[in-house]
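*Asks:* Next come a sequence and a model predicted from it.
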Amino acid sequence: MTQLTIDTAEYTDTCMDTYDWEYRDEELLLSFLAVLKKLGRLRNLRSVTLRCSSECVGPQQRRHWWARNVPECIKFRTDVLQSLFAGLNASHATPKLEHLCIENLQGCGNETVARSRDFRAVMSRVRKLDLQITTEDVDGDGSLPANLGKKELHSFFGHRLVQEWLELVRNNLTHLKLYSRNMYFGYLPKCHLPTFSALRSLTLGGMSFNHDEQLNWILSHRDTLEELVIDNCPIVIGVRIPSTLDSDNYPIEPLFNSSTTGSILAPSSFLYSARWRDYFSRFAVGLVKLRSIRCGFGDWYDNTAFPKSMELGTGLWAQRYRILDDGEWRRPRFGEHGSYDGKWSDPPVYPDCTDEDWIALCEVKAAIASRLGG
């Protein structure tokens, strides 16, 4: 056996309300963890996928009605991760594991796991890392401003994702797939990713671009990058938020949905002038080893974009430009006859650059074709 998938999500979203922690079979759970600790006996194991529940409850274990039906608390997830890495780093295990995929890793960080010897030893051998981050829905109703207000969310994307996971693999990683399941990351929550010296394949899902620094980060892999996949990653052309902004236009103290939080700060705003035509043109010239590019909008509505990322085609997508208004991600309005449900008196207009975006994307494809001798 060279590949193994472990699925801990015992119930689908349609039957979550039938689950009750009071009736969890503790003996069965202990047996399951014991099996994970013996995975090192699979001597030819090269790829492991761990699928966790998409529903999670934060460190404060918030007591909303829906939280009672969340099957995987932080302790459960910690026990599973610890047992998994212990098994993969057992004394009888052979260091053949190269690919690690975790679907629905909880976005709050876990010092117990990150500091363990087993975790660090296993990660030092990983060459291909796939991570999909899932985050807590505070009120159980998908309220974005409330969810963005969680400090652990900003801490995770701001530094724990990098320090606890990515820094350990930055010198040996050849393939990285990084998705956020239920919210955009990049600007809010802020996320600065490290450069990977050997990276050949980069797949991003749900990352928002709002500064040239992020474009330059992709271009910093020019000497190694051969494949680039961009799935539902919008350029943020405008931000309006009730917070003071720093010199780089990031909120110093994020306060969201001022109508509900009672914020008395005057809204701050900024515009970002780059368009996809600029990004694609830079890719065509700067990514000199690129052999494949795919971009678009995957199966996000069915929550299968992450596992189906290989099926993504290449083209322009309607959601490729967004604005952030008072904690809510919105589509810019389409000129005089378009629709817009935001509160700005004069919000940014959807960029009229479809032809230019498409021409620039074709430039990338042409550069790849010439490189491949096509």
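*Replies:* Yes, it's here. Just so it is clear, the model here is predicted, and its values are computed rather than measured. Numbering: from 1, shown residues only.
*Asks:* Just list what the lengthiest helix in the chain packs against, helices and strands only.
*Replies:* With DSSP state H setting the assignment, residue counts place helix 354-372 as the longest helix in the chain. Helices and strands touching helix 354-372, by 3 or more Cβ pairs under 8 Å, 6 or more residues apart in numbering; DSSP states H and E, are helix 276-286, strand 292-296. (Each C-beta comes from the backbone N, C-alpha and C, glycine too.)
*Asks:* Just say which of these is most tucked in.
*Replies:* Scoring these by mean neighbour count under mean count of other Cβ atoms under 10 Å gives helix 276-286 as the most buried, with a mean of 20.
*Asks:* can you give me the angle it makes with helix 354-372?
*Replies:* Counting by axes from the mean of the first three to the mean of the last three Cα atoms, to 10 degrees, helix 276-286 lies at 10 degrees to helix 354-372.
*Asks:* By mean pLDDT, point me to the weakest helix or strand of the chain.
*Replies:* The helix or strand of the chain with the lowest confidence, counting by mean pLDDT, DSSP states H and E, is helix 258-261 at a mean of 45.
*Asks:* immediately after that helix, which helix or strand?
*Replies:* Sequence-wise, the next helix or strand downstream of helix 258-261 (DSSP states H and E) is strand 268-271.
*Asks:* re the thing from before, is it possible to export the helices and strands packed on helix 354-372 to TSV including distance to Thr304 and mean pLDDT?
*Replies:* Below are the helices and strands packed on helix 354-372 laid out as TSV (distance: least, Cβ to Cβ, whole Å; pLDDT from 0 to 100):
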stretch	distance to Thr304	mean pLDDT
helix 276-286	25	98
strand 292-296	14	97
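*Asks:* do you know which of the ones you listed lies nearest Leu29?
*Replies:* Comparison of those against Leu29 by Cβ to Cβ identifies strand 292-296 as nearest, at 39.7 Å.
*Asks:* helices or strands next to the very next helix or strand once past that closest one in the packing?
*Replies:* Using DSSP H and E, the helix or strand that follows strand 292-296 in sequence is strand 321-325. Judged by 3+ Cβ pairs under 8 Å, 6+ apart, strand 321-325 is in contact with strand 235-241, strand 328-330.
*Asks:* between strand 321-325 and helix 276-286, what angle do the directions make?
*Replies:* Angle, strand 321-325 to helix 276-286, by the same axes, to 10 degrees: 120 degrees.
*Asks:* Wait, a helix at Asn172?
*Replies:* No. Assigned with DSSP: H, G, I helix; E, B strand; the rest coil, Asn172 falls outside any helix and is coil.
*Asks:* Make CSV out of the helices and strands packed on helix 354-372 and add distance to Asn44.
*Replies:* Below are those laid out as CSV (distance: least, Cβ to Cβ, whole Å):
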stretch, distance to Asn44
helix 276-286, 38
strand 292-296, 29
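*Asks:* quick one, which of those is nearest to Asp346?
*Replies:* helix 276-286 (23.3 Å).
*Asks:* Give me the below-cutoff pLDDT ranges for the stretch 151-300 of the chain.
*Replies:* For the stretch 151-300 of the chain, applying pLDDT under 70 flags the ranges 254-266.
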